[in-house]
Structure formats: structure tokens, C-alpha cells
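*Asks:* Okay, here's the prediction I keep looking at, along with the sequence it came from:
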Amino acid sequence: MDITLHATQKTIALKDVAQRQNISEKYLWQVIKPLKQAGFIKTIRGAKGGFALALPPEKITVNDIVSVLEGNPLIIECAASPGACPRSADCAAREMWKTLADTLAEAMRGITLQMLAEKQKVKNLGRAVVYDI
């Protein structure tokens, strides 16, 4: 979301994101790498290089990001594969967990980076920090 909020800049330096978000650059590298491999982030080389979104923020959903970084958003493993447990065919709890996982994924598909950025900008209006988009 930080890259989305600072999209008016051509590229975003990872150290700037780390500073603004109060997280380590080392951790950010672990997040950026899979997002880049999935085609959501691009790298621009050179003196004014850095990172930028590879797609418009309204095309990237929370589900996209969570799926890349965390895998399937399942609450418990047996919801993913019915054969994982010998009782799965007759298990009402598995059906409930599967329904919950599907509902969560559907909700995350309905939230884009653009939507999150707009919400964050509104929240920032009440504070001294105002993003420049």
C-alpha cells in the first residue's frame, strides 16, 4: 500500500518504505521478492531506480497479495484437500472451514490496493501525515 500511496513518484526506494512503515529493509526484501516474481511489483534500475507497481492499483486485490505471500488463505489445512483426513468426506467441521475460507477469499478479492489507499488517505487527513497522491 505504501507504494500505491506514493505512486506520484517514479520509483520508491525500499529504505524509504521501511522508514515510513517502521519495518526492516531485510523484511521488506522478503515481501518484495515474491510480489515481483508474481508480476505485481517492478524494479527500475539506475540512479533514480527503485520499485513501482507493475499493474494499476485497482487491478491488484488483497487476495492477490495474500495468495502470493501466504498461499491459500485457509484457516485449517484439511479444508484444502478432502483426502488429507480419512474422515473428511463425513466431516461437517471441514465443510464449515471450507465455507469460511471461500468467504474470506471472496471478500479479499473485492478489496483492491486502490481502495485501501483511498481509505488510508482519509485516515491520514486527521493526522499530520498526508500522502502525495
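*Replies:* It's in. This one's a predicted model, so the numbers in the text were calculated from it and none came from an experiment.

*Asks:* Enumerate the positions of stretch 14-32 that are buried.
*Replies:* Neighbour counts over stretch 14-32 (16 or more other Cβ atoms under 10 Å) mark 14, 16-18, 28, 31-32 as buried. Quick note: C-beta positions are derived from backbone N, CA and C, even for glycine.

*Asks:* mean confidence score for whichever helix or strand A18 is part of?
*Replies:* A18 is located in helix 14-21, with elements delineated by DSSP states H and E. Helix 14-21 carries an average pLDDT of 90.

*Asks:* likewise stretch 105-115?
*Replies:* 94.

*Asks:* how about it as CSV, C-alpha atoms only?
*Replies:* The C-alpha coordinates for stretch 105-115 follow below in CSV (Å, rounded to 0.1, in the frame of the first residue of the first chain):
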residue,chain,number,x,y,z
ALA,A,105,-11.1,-15.3,-0.3
GLU,A,106,-14.2,-13.8,-1.9
ALA,A,107,-14.1,-10.8,0.4
MET,A,108,-10.4,-10.3,-0.2
ARG,A,109,-11.0,-10.4,-4.0
GLY,A,110,-13.4,-7.5,-3.5
ILE,A,111,-10.7,-5.2,-2.0
THR,A,112,-8.1,-3.5,-4.2
LEU,A,113,-4.9,-1.7,-3.4
GLN,A,114,-6.6,1.5,-4.7
MET,A,115,-9.5,1.1,-2.2
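
*Asks:* Can you give the distance of that stretch from its chain's centre?
*Replies:* Stretch 105-115 sits 10 Å away from the centroid of its parent chain (Cα atoms, centre = their mean, to the nearest Å).
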